[in-house]
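Novice: Provide a 3D model corresponding to the input given below.
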Amino acid sequence: MKQRNQMLKGKHGGMQLVLTEDVLYLGKQGDVVEVKPGYGRNYLLPRGMATVPTEHNLRLLERYKIRVRQAREARIADLKALAEQIAKMAGITIEANANEEGHLYGSVAAPEISKGLKSKGMPIDLDMVKLEGPIKETGLYAVKLNLGYEIETEVRVAVIKSQK
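Specialist: Numbers count the residues shown, from 1 in each chain. Below you'll find the predicted structure:
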């Protein structure tokens, strides 16, 4: 009788898998990790985030890692160029409703800053904008942007009273 392909058990009784991509709080691509069987079977394996550690899969993963590394290096170069562009630009201006003292009716937060940068041709997502808290007064602010891969830059944001 032929034995079916058995899952490798880890030292804690979970299943061993090789990650095919980085998984937050679990590991980096290529790591052999031990996870609970349900998590591996129902989440990681169906989404292609992990594979069973066979010799064939490990060889495929090595080739895949080379391609991913090249793509990651190209992405990092693009992000560094974007960070330089943002650092050189004069900044963005956001109009908001405010009273005579400069207190905003509402606030300016990551969505408005992201939208302002996109209007200038800078592809900045919401999660890249790092604010300590929403901006509630008119004025000039330096807002940190984390573009990913530990590439950070700063953009100047002028919040002015709308002239409506």
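Novice: residue contacts, Val143?
Specialist: For Val143, the residues meeting the contact criterion (CB atoms under 8 Å, 6 or more residues apart in numbering) are 113, 129-131, 154-157. All C-beta atoms are positioned from the backbone trio N, CA, C, and that covers glycine.
Novice: what about burial for those, which qualify?
Specialist: 113, 129, 155, 157 (16 or more other CB atoms under 10 Å).
Novice: Which positions are bridged to the second one in the beta structure?
Specialist: The residues paired with Val129 through beta bridges, assigned by DSSP bridges, are Leu145.
Novice: give the contact list for it.
Specialist: For Val129, the set of contacting residues under the criterion of CB under 8 Å, 6+ apart consists of 110, 113-114, 143, 145.
Novice: The residues you listed in helices, which ones?
Specialist: 110, 113-114 (DSSP state H).
Novice: Return the member of those nearest to Leu24.
Specialist: Nearest to Leu24 among those, counting by CB to CB, is Ala110 at 19.9 Å.
Novice: Now the closest one: closest residue in space that isn't a chain neighbour?
Specialist: Val129 (4.0 Å; CB to CB, 6 or more residues apart in numbering).
Novice: can you check Arg75 too?
Specialist: Once its chain neighbours are removed from consideration, Arg75 has its nearest residue in Tyr149; the separation is 7.3 Å (CB to CB, 6+ apart).
Novice: Fine, thanks again, bye for now.
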